[in-house]
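Engineer: need the 3D shape of this:
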Amino acid sequence: YNGRAGRIEWEHVVPAENFGRNFVEWREGHSDCTKSKGKAFKGRNCAAKVNMQFRYMYSDMYNLWPAIGAVNALRSNYNFAMIQNDSLKLGNCDMKIDSSSKRAEPPDYAKGIAARVYLYMDSTYPAYSISKQQRQLFEAWDKLYSVTKIECDRHELIQRIQGNQNGIIMSRCLNTTSLE
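Structural biologist: I've put the predicted structure just below:
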């Protein structure tokens, strides 16, 4: 991942695979998903080609945040969780990744952001839902790590461009009297 260590990428906070596998085109393909030589394909490319709902979810700017490329690659499609082992930190980065259990824990400053993204995706797209355990974790992170001015300002920009509101962020921004 050395090549990706020095660049910033737009990461899906809720990984595309985590919602993509809910679409039949991702899992099984579609008759319109064939390459020029007739070979069928499925997965992300097929779902993006033929399913409008997947395209909305995949390109939803509320779910896209900048991340260090190597961290994005190492995180893969792992679910967020609390990880007790500090030896799993990525060098000087506070991100923890446990590849054996396929879990990742973002740094404290990103936990509230991640929580609000997951809660938004769950409430906005019927094709995606989080587990009860994940919901409890994200509701706790949402309370522990308050919305910031950057999140509120970012919400306003995305709302203007994308044309929809993130009700989770908007309600937190409206209910906050002083932001950092």
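
Engineer: quick check: the residue of the chain positioned farthest from its centre vs N45, distance?
Structural biologist: When distances are taken from the C-alpha mean of the chain, K37 lies farthest, 34.0 Å away, according to CA atoms, centre = their mean. Distance of K37 to N45, computed by CB to CB, to the nearest Å: 15 Å. (Glycine included, C-beta is placed from N, CA and C.)

Engineer: do the same with K39
Structural biologist: 12 Å.

Engineer: compare the two (neighbour count), which wins?
Structural biologist: N45 (14 against 8; other CB atoms under 10 Å).

Engineer: tell me how far the nearest residue to the more buried one once chain neighbours are set aside lies from R27.
Structural biologist: In space, and not counting its chain neighbours, N45 is closest to C33: 7.3 Å by CB to CB, 6 or more residues apart in numbering. Going from C33 to R27 by CB to CB gives 12 Å.

Engineer: how about C152?
Structural biologist: From C152 across to R27, the span is 37 Å (CB to CB).

Engineer: compare the two (neighbour count), which wins?
Structural biologist: C152 (16 against 13).

Engineer: let's verify the more buried one: helix, strand, or coil?
Structural biologist: Counting by DSSP: H, G, I helix; E, B strand; the rest coil, the backbone at C152 sits in helix.

Engineer: hmm, it is touching I168, no?
Structural biologist: No: using CB atoms under 8 Å, C152 makes no contact with I168, being 11.9 Å away.

Engineer: any idea of the pLDDT on A127?
Structural biologist: As predicted, A127 sits at a pLDDT of 89.

Engineer: and what of S131?
Structural biologist: Predicted confidence (pLDDT) for S131: 95.

Engineer: stretch 77-92: which residues count as buried?
Structural biologist: Neighbour-count burial for stretch 77-92, counted by 16 or more other CB atoms under 10 Å, picks out 78-80, 83, 88, 90.

Engineer: again but with stretch 44-54, I slipped
Structural biologist: For stretch 44-54, by 16+ other CB under 10 Å, it's 44, 46-48, 50-51, 54.

Engineer: then stretch 21-28?
Structural biologist: So, applying 16+ other CB under 10 Å, buried residues of stretch 21-28: 22-23, 25-26.

Engineer: with stretch 124-141 instead?
Structural biologist: 124-125, 128, 130, 134, 137-138, 141.

Engineer: what of stretch 5-20?
Structural biologist: Neighbour counts over stretch 5-20 (16+ other CB under 10 Å) mark 11-16, 18-20 as buried.

Engineer: least trustworthy helix or strand in the protein by mean pLDDT?
Structural biologist: strand 89-90 (a mean of 78; mean pLDDT, DSSP states H and E).

Engineer: gap between E28 and K42?
Structural biologist: 6 Å.

Engineer: what does N85 give?
Structural biologist: 36 Å.

Engineer: please apply the same query to M52.
Structural biologist: 17 Å.
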